[in-house]
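Model the following, please.
(chains A, B, C and D, ligands or ions: 6)
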Amino acid sequence: MNLSVQLGGLTLKNPVMPASGCFGFGQEFSQFYDLNTLGAIVIKAATGEARFGNPTPRVAETSSGMLNAIGLQNPGVDQIIKQELPFLEQFDTPVIANVAGSSEEEYVIVAEKLSKASTVKALELNISCPNVKEGGIQFGTDPELAYQLTNKVKNVSSKPLFVKLSPNVTNIVSMAKAVEEAGADGLSMINTLTGMKIDLKTRKPLIANETGGLSGPAIKPIAIRMIHQVRQVSNIPIIGMGGITTSEDVLEFLLAGADAVAVGTANFQNPYACKDIIDELPRAFEKFGYNSLNELKGVVST
Amino acid sequence: MNLSVQLGGLTLKNPVMPASGCFGFGQEFSQFYDLNTLGAIVIKAATGEARFGNPTPRVAETSSGMLNAIGLQNPGVDQIIKQELPFLEQFDTPVIANVAGSSEEEYVIVAEKLSKASTVKALELNISCPNVKEGGIQFGTDPELAYQLTNKVKNVSSKPLFVKLSPNVTNIVSMAKAVEEAGADGLSMINTLTGMKIDLKTRKPLIANETGGLSGPAIKPIAIRMIHQVRQVSNIPIIGMGGITTSEDVLEFLLAGADAVAVGTANFQNPYACKDIIDELPRAFEKFGYNSLNELKGVVST
Amino acid sequence: MFRKEMKIESNRLIALDTYEMVLEGDLVQYIKNPGHFIHIQIGEGTAHMLRRPISIADYDKQINQLTIIYKVFGEGTDWLARQLPGGQINVLGPLGNGFDLSGIQGQTVIVIGGGVGVPPLYNLVKQLNSQFNDVTAILGYQSKVSIFYEKEFKDLTQTYIATDDGTYGYDGLVTDVIRELRFSYDHYFSCGPTGMLKAVQHQLSDIDGYISIEERMGCGVGACFACVCQADNDKGYVKICQDGPVFHAKEVTL
Amino acid sequence: MFRKEMKIESNRLIALDTYEMVLEGDLVQYIKNPGHFIHIQIGEGTAHMLRRPISIADYDKQINQLTIIYKVFGEGTDWLARQLPGGQINVLGPLGNGFDLSGIQGQTVIVIGGGVGVPPLYNLVKQLNSQFNDVTAILGYQSKVSIFYEKEFKDLTQTYIATDDGTYGYDGLVTDVIRELRFSYDHYFSCGPTGMLKAVQHQLSDIDGYISIEERMGCGVGACFACVCQADNDKGYVKICQDGPVFHAKEVTL
Ligand SMILES: Cc1cc2nc3c(=O)[nH]c(=O)nc-3n(C[C@H](O)[C@H](O)[C@H](O)COP(=O)(O)OP(=O)(O)OC[C@H]3O[C@@H](n4cnc5c(N)ncnc54)[C@H](O)[C@@H]3O)c2cc1C
Ligand SMILES: Cc1cc2nc3c(=O)[nH]c(=O)nc-3n(C[C@H](O)[C@H](O)[C@H](O)COP(=O)(O)OP(=O)(O)OC[C@H]3O[C@@H](n4cnc5c(N)ncnc54)[C@H](O)[C@@H]3O)c2cc1C
Ligand SMILES: Cc1cc2nc3c(=O)[nH]c(=O)nc-3n(C[C@H](O)[C@H](O)[C@H](O)COP(=O)(O)O)c2cc1C
Ligand SMILES: Cc1cc2nc3c(=O)[nH]c(=O)nc-3n(C[C@H](O)[C@H](O)[C@H](O)COP(=O)(O)O)c2cc1C
Ligand code: FES
Ligand code: FES
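Ligands and ions are numbered 1, 2, ... in the order given. Below you'll find the predicted structure:
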């Protein structure tokens, strides 16, 4: 079965990729399986300078999900290009670079640099990290700011630009419309929902940063709803994510209106998650009587 | 151990009550245990006229949660007062009536009628039902509208007024502040998050209404975060809810800043949920070294 | 209605994806008539917040046992299928109102079942027999491999089997069989997919009939209004879990 | 590192809330030295998305077995405690870098453990012994009822037990015992709560030391940056799961 998919100018072998922040820069997971298996690889967020992130603990488990507040720890865009990207060159799998920042200038600089790296085939603009005060969340909740930022970044990038939306908003449709109008080639949705867990023993938030981003199967219904809503008003490609753990979940996201999907938290429970999902996709298609990816596209939205 | 709690003028035996919509008008659950056990009873939403609700299916299971789109089915405020409230009179447990509507006028009429019913000890203003187009959600996402509505309802009600907030907003704090300024005696938070699930066999949303409200343990981290955020700027009582299934969950809500809690979805998995939680509360207090409810209040927020 | 741990006596595959589970426990003493259902908790912890409604297929108060027959459909029934004898499951029940058989004596009765709607009819036929009725059973299945309890029904009464794909018995729908038989009956009792029930309701509209219907449920006890069905009564609706699942065929609009 | 089902050989209570579990499987063949940990999947389905890191307390490549010792702390370890011999658990491992013992031969060594930090020291002492070192073990527990593996350690080497509440052995902290012994050592190895490690790091700052540290983990393999610790190196941090959990005492800032 042909699983390949066109995604804002990229051609992917299949619609499944690891989600940013849950797969590092690929090296660790390459010990488990061949990264050529993947539809694409979304690497960890890059910022202008190195960031050391939030104090620990940075993760906590919740019912069918987890909280994280890594805080965009990364060695900075230059180091990423120099030290991390070369490893990924060997694979015949497009790399999508996640772009973060605290100011418009920082986003623009990071995007410009990454867009020039030959290994990078597309950018994912992270305007939705809830875990850093200056992590871009203001851009992710205000359509005006999102429009401007997308526009500026689009101007300096020669590669397809996916804007990653935050679910922590009253109106996801207006956010999607704003970035589409600003020239986004596609959308990634959803990032994490802001949550908190309290340690009854210490009487303090379990995550040192107090709040963290909620991900995993717990949030899947919210992701499906938001993708469905956005698909009804927009035709640009959507990379869907939020709680995917099985190939059947992938079908659900495609039916809701996603063109491809990203798998985050599931990699922690099962390091083979992406590979297993890809391997099982044909069987899931068969089980529910689908013969091609196109048959699923936006079925529910129309 | 003394579990009693003061809540906006009411005195409750303990801080645990069933959440609106998950306990009907009490009759069914009274077959399982004595309703005198409860701190309070929050009854199902009342509207001006009888409503027949949404088409079925109205519920779906999700990971550690569920979706519902009942659609405010109820016999109308007059019938509720006539046919449902008399049963609840026999119990020494305050009844909190949930008020819904599609227009300001409807809310005001319903609130006025319920506030006059002697069995009703407080009102819960449901400005957050995501499952009915005209279910009040517009009031729950716009601070201006919420302010006005709360104000109008407060004017006609002689009973304490709790406003139930929707989590489907960018800024929960501004919603809380708006209704507090408008005279709310307390807050109930949170209502459900809008979600969706797609049936891979029928290729349609599982819930006939397409979207439904997500509740259960899956959303607990979001509830805790929002209560914590609101507690930092507000001193009015909060009835906390969202995913409570155990007495330890109750402690977490109290630490986050709630004064009492409501249990919704858990009643479906375990019809004795509220009773079990109340019975186990003293042991949970002991386990974590608390001697009174007051010791927990807002510990994390200060 | 009670919430109890029940002990699994047996759990065996009896047809394609279809299992028969025998449960033991006090709850059996409270069953009033055939057609009640039980609401089963799935798994440990809070991953599955909703219980699963399954009809009581048979019960025996003397030995404190009841039987359910279920088809593996999704996560919940898959979990059930993996439970081993000796283990326990948490059950809420008996729920709803079953088939009211008072006054149904010495009459001609037809019972019509489809797929996982067949189970509650098994004990029903037993009781109809004990009240000296002349019972004909028509049972529809998808295919030969899906058939269960054929012998059990035939041991009780005259039974016709139909399969959708014609791999066994009559090739067609239960309504086709009814049409071919062309007998007249005093009453009918039916349980199965909504499509089948509608067709039966229509075909046998001049006979006194009772149908058992399904809907996705929350509480299972009448408190959440998840399982309503339009009905010809004062309120305009019934709650399947509390007022049903068995209704007079004239009462509900499918 | 591999993800494998391992068979539970035994699972028994050995002290208050503390269990010893023996696991069998090929994964054992890949263990390099004491101090590695395994990352254990909890429950069925997706209710628990994070694995639980537990140190390897002992292992035997000949019989393909490893031992873990864990304390019931929350939902995950509670689930572990309920697993029965004959069952399987899903394990990711061996993870991290253990204690590097190359060159540590014929020396005086002190190993200091606290609570659930004691387990990885057990196989460590075995290997230190096999390299002809003179080993002293100081093990701290909360209370008499929490003590485990006293005999096992005493069978290997000179062992001092301390309890926080003085109900057994030395009444006080491991650092008090070290102070009283006043011997000099060539190396120390320690694992336990952060507070204890800090105190040991401080007290034995002039000795070559190695500590094994804990942090809440996501992936367990170095990809998610959940488990970083400030360190005196180029990057300014280490990842405990990948670079550790064992570090030179001078490298990390607790
Ligand atoms: C009164 C009643 C009696 C029933 N008796 C039987 C029986 O005897 N044998 C049998 O095999 N099946 C019976 N069913 C159907 C059975 O409840 C479903 O097949 C089962 O709940 C599916 O659960 P799952 O976890 O496998 O599927 P999932 O799709 O994973 O379930 C998800 C949710 O949907 C609900 N759901 C899914 N399908 C149905 C359905 N058809 N009806 C109601 N809820 C559904 C589940 O209860 C659960 O809440 C009965 C249903 C009702 C309402
Ligand atoms: C490298 C390493 C080795 C360990 N070795 C052992 C051992 O040999 N024996 C033993 O009893 N314990 C050990 N621990 C601690 C053990 O991981 C925790 O006690 C366990 O994860 C608690 O899980 P829970 O589900 O019972 O607790 P919960 O509180 O329900 O767990 C919730 C989440 O928090 C994490 N968590 C909670 N406490 C800790 C902790 N102290 N360290 C790391 N993560 C935690 C869990 O892994 C899980 O992700 C080790 C920890 C690390 C990092
Ligand atoms: C530990 C962790 C780190 C993450 N880091 C990033 C990040 O750097 N950039 C980003 O855009 N999203 C980040 N995310 C969000 C994920 O990419 C994804 O959008 C989210 O987790 C929902 O998908 P999931 O439920 O499959 O995990 C992170 C998520 C987790 C759990
Ligand atoms: C089936 C169902 C019906 C509900 N009906 C109402 C309602 O009528 N009015 C209301 O304010 N909230 C209603 N809610 C929301 C709950 O009161 C509660 O706020 C929410 O479910 C979160 O709590 P939980 O996770 O404990 O269920 C309903 C929830 C469910 C699951
Ligand atoms: S399932 Fe709740 S009313 Fe029927
Ligand atoms: S746990 Fe993911 S980097 Fe260590």
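
going forward, measure contacts between C-alpha atoms and count neighbours the same way
Fine.

Can you give me the distance of the residue of the stretch 151-254 of chain C found nearest ligand 5 to A:Gly26?
Closest residue of the stretch 151-254 of chain C to ligand 5, Cα to the nearest ligand atom: C:Gly222 (3.4 Å). As for C:Gly222, its distance to A:Gly26 is 52 Å (criterion: Cα to Cα, to the nearest Å).

Looking at those two, which has the bigger crowd around it?
Between C:Gly222 and A:Gly26, counted using other Cα atoms under 10 Å in any protein chain shown, the more crowded position is C:Gly222 (24 against 20).

residues touching the more buried one, list them.
Going by Cα atoms under 8 Å, 6 or more residues apart in numbering or on different chains, C:Gly222 touches B:Gly24, B:Glu28, C:Lys239, C:Cys241, C:Gln242.

Ok, A:Ile224 next?
Under the criterion of Cα under 8 Å, 6+ apart, the contact list for A:Ile224 reads A:Glu252, A:Phe253, A:Ala256, B:Gly195, B:Met196, B:Lys197.

Then A:Val173?
Contact partners of A:Val173, counting by Cα under 8 Å, 6+ apart, are A:Met226, A:Gln229, A:Val230, A:Val233.

Let me know the helix or strand that the one residue sitting closest to the centre of chain C is in.
When Cα atoms, centre = their mean is applied to chain C, the residue found nearest the centroid is C:Pro120 (3.1 Å). Assigned by DSSP states H and E, C:Pro120 belongs to helix C:119-130.

Please name the residues that touch the nearest residue to the residue nearest to the centre of chain C once chain neighbours are set aside.
Closest residue to C:Pro120 apart from its sequence neighbours, by Cα to Cα, 6 or more residues apart in numbering or on different chains: C:Ala57 at 4.3 Å. Contacts for C:Ala57 (Cα under 8 Å, 6+ apart) come out as C:Pro34, C:Gly35, C:Leu66, C:Thr67, C:Ile68, C:Ile69, C:Pro119, C:Pro120, C:Leu121, C:Tyr122, C:Asn123.

And C:Ala57, how far from chain D?
Distance, C:Ala57 to chain D, by Cα to the nearest Cα, to the nearest Å: 29 Å.

returning to that earlier point: buried among the contacts of A:Val173? Need that as a selection in ChimeraX.
Entered in ChimeraX, the line below selects the buried ones among the contacts of A:Val173, by 16 or more other Cα atoms under 10 Å in any protein chain shown:
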select /A:226,229,230
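
Need phi/psi at the residue nearest to A:Glu144 when sequence neighbours are not counted.
Nearest residue to A:Glu144, sequence neighbours excluded (Cα to Cα, 6+ apart): A:Ala178, at 7.2 Å. Note on A:Ala178: its backbone torsions stand at phi -60, psi -50 [degrees, to the nearest 10].

How many neighbouring residues does the residue of chain C found nearest ligand 3 have?
Of all residues in chain C, C:Ala47 sits closest to ligand 3, with a separation of 16.0 Å (Cα to the nearest ligand atom). Using other Cα under 10 Å, C:Ala47 has 24 neighbouring residues.

Against B:Ala266, how distant is it?
For C:Ala47, the distance to B:Ala266 (Cα to Cα) stands at 11 Å.

what residues are shared contacts of these two?
Residues touching both C:Ala47 and B:Ala266 (Cα under 8 Å, 6+ apart): there are none.

Excluding chain neighbours, what is closest to the residue of chain C closest to ligand 3?
Using Cα to Cα, 6+ apart, the closest residue to C:Ala47 is B:Ser64 (4.0 Å).

Share the number of residues neighbouring that neighbour, please.
By the criterion of other Cα under 10 Å, B:Ser64 has 26 neighbours.

contacting residues for it?
So B:Ser64 contacts A:Ser63, A:Ser64, A:Ala218, B:Gly216, B:Pro217, B:Ala218, C:Thr46, C:Ala47, C:His48, C:Met49, D:Ala47 (Cα under 8 Å, 6+ apart).

What residues does the fifth one make contact with?
Right, the one you point to is B:Pro217. Each residue near B:Pro217 by Cα under 8 Å, 6+ apart is listed here: A:Ser63, B:Ser64, B:Gly65, B:Gly242, B:Gly243, B:Ile244, B:Thr245, C:Thr46.

Give me the buried positions along stretch A:204-211.
Judged by neighbour count (16+ other Cα under 10 Å), stretch A:204-211 contains these buried residues: A:Lys204, A:Pro205, A:Leu206, A:Ile207, A:Asn209, A:Glu210, A:Thr211.

and the third one, what is it in contact with?
Spelled out, that is A:Leu206. A:Pro57, A:Ala60, A:Met196, A:Lys197, A:Ile198, A:Asp199.

how about stretch A:103-111 as PDB, C-alpha atoms only?
What follows is stretch A:103-111, C-alpha atoms only, in PDB (Å, rounded to 0.1, in the frame of the first residue of the first chain):
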ATOM      1  CA  SER A 103      11.200  37.900  20.700                       C
ATOM      2  CA  GLU A 104      10.400  38.400  17.100                       C
ATOM      3  CA  GLU A 105      14.000  39.000  16.300                       C
ATOM      4  CA  GLU A 106      15.100  35.800  17.900                       C
ATOM      5  CA  TYR A 107      12.500  33.800  15.900                       C
ATOM      6  CA  VAL A 108      13.600  35.500  12.700                       C
ATOM      7  CA  ILE A 109      17.300  34.800  13.300                       C
ATOM      8  CA  VAL A 110      16.800  31.200  14.200                       C
ATOM      9  CA  ALA A 111      14.400  30.600  11.300                       C
END
